[in-house]
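Visitor: Below are the sequence and a predicted model for it; my questions follow.
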2 protein chains.
Amino acid sequence: MGLGRQLIVELFGCDRKVLDSVSGLRKALREAAKASNSTILSDYFHKFSPQGVSGVIVIAESHLAVHTWPEYGYAAVDIFTCGKHTDPWGALEVIERALKPKRMTVMEVRRGLMVEEAVAKAEVI
Amino acid sequence: MGLGRQLIVELFGCDRKVLDSVSGLRKALREAAKASNSTILSDYFHKFSPQGVSGVIVIAESHLAVHTWPEYGYAAVDIFTCGKHTDPWGALEVIERALKPKRMTVMEVRRGLMVEEAVAKAEVI
């Protein structure tokens, strides 16, 4: 089933105050990482002028990233976790609660799916 | 056309020495960021035991990330750039030259595509 799973999340109509807050976003992403059962290695958040934040948390199981455009109420979130012990959807629940999007789309991508595995799986289906 | 573009890259059959080298990967990703015409804000690379590296570069235009499994010759790369002045494909060329994959797949995802924009575009098509 591959080495990892990545959620590519588009969040529209978010709470604009949270989108422009390094402390709010850092808190949300760190709690999200924990909720996915991941181990945090490092984080880095940057506040743009006049608005917007980029933040990345590197976890032992890959990474979480957020990039915000408060002027559009929009955030781009990536949640990439590897290993069977992690649940990226648990992280997304925390982020959704914090950013309060009115509209959200999620795409889940399997990463590191070896061709042999993919063929074997296709045969089963 | 949206706020950003993200390349989701699967690289198989890579040079295993490079996959296990923090200095090699950091050099490749920093050069890649520059090749995409992005501005580097921060980088963080972590070497796992016994093998594997995770690295993220936060750029003013979003981020680049790499996660490697030298035991499989595999790397997961994300190149997320925003703004009209950037070219994520330029970054990918640099990374491909450094990692030397035998097989590679790329998916390009438009991020921050507002629904109004999407509808307008669909009408044109």
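Guide: Looks like it arrived, so ask away.
Visitor: quick one, what contacts the spatially most central residue of chain A?
Guide: Chain A has residue A:79 as the residue nearest its centroid, 2.8 Å off, counting by Cα atoms, centre = their mean. Counting by Cβ atoms under 8 Å, 6 or more residues apart in numbering or on different chains, residue A:79 touches A:6-7, A:9, A:32, A:36, A:64, A:88, A:91-92, A:95. C-beta coordinates here come from the backbone N, C-alpha and C atoms, glycine included.
Visitor: again with residue A:89
Guide: Taking Cβ under 8 Å, 6+ apart, one finds A:7, A:36 in contact with residue A:89.
Visitor: Against chain B, how distant is the residue nearest to the centre of chain A?
Guide: Residue A:79 is 12 Å from chain B, where distance means Cβ to the nearest Cβ, to the nearest Å.
Visitor: SS state for that residue?
Guide: Following DSSP: H, G, I helix; E, B strand; the rest coil, the label given to residue A:79 is strand.
Visitor: Can you check what pLDDT the model gives it?
Guide: In this prediction, residue A:79 carries a pLDDT score of 98.
Visitor: cool, the one 4 residues further on as well?
Guide: We note a pLDDT of 94 for residue A:83 in this prediction.
Visitor: which phi and psi does it have?
Guide: The phi/psi pair for residue A:83 (degrees, to the nearest 10) reads phi 90, psi 150.
Visitor: In this structure it contacts residue A:59, no?
Guide: No: distance between residue A:83 and residue A:59: 10.1 Å, which falls outside the contact criterion (Cβ atoms under 8 Å).
Visitor: neighbour count winner among these two?
Guide: residue A:59 (25 against 13; other Cβ atoms under 10 Å in any protein chain shown).
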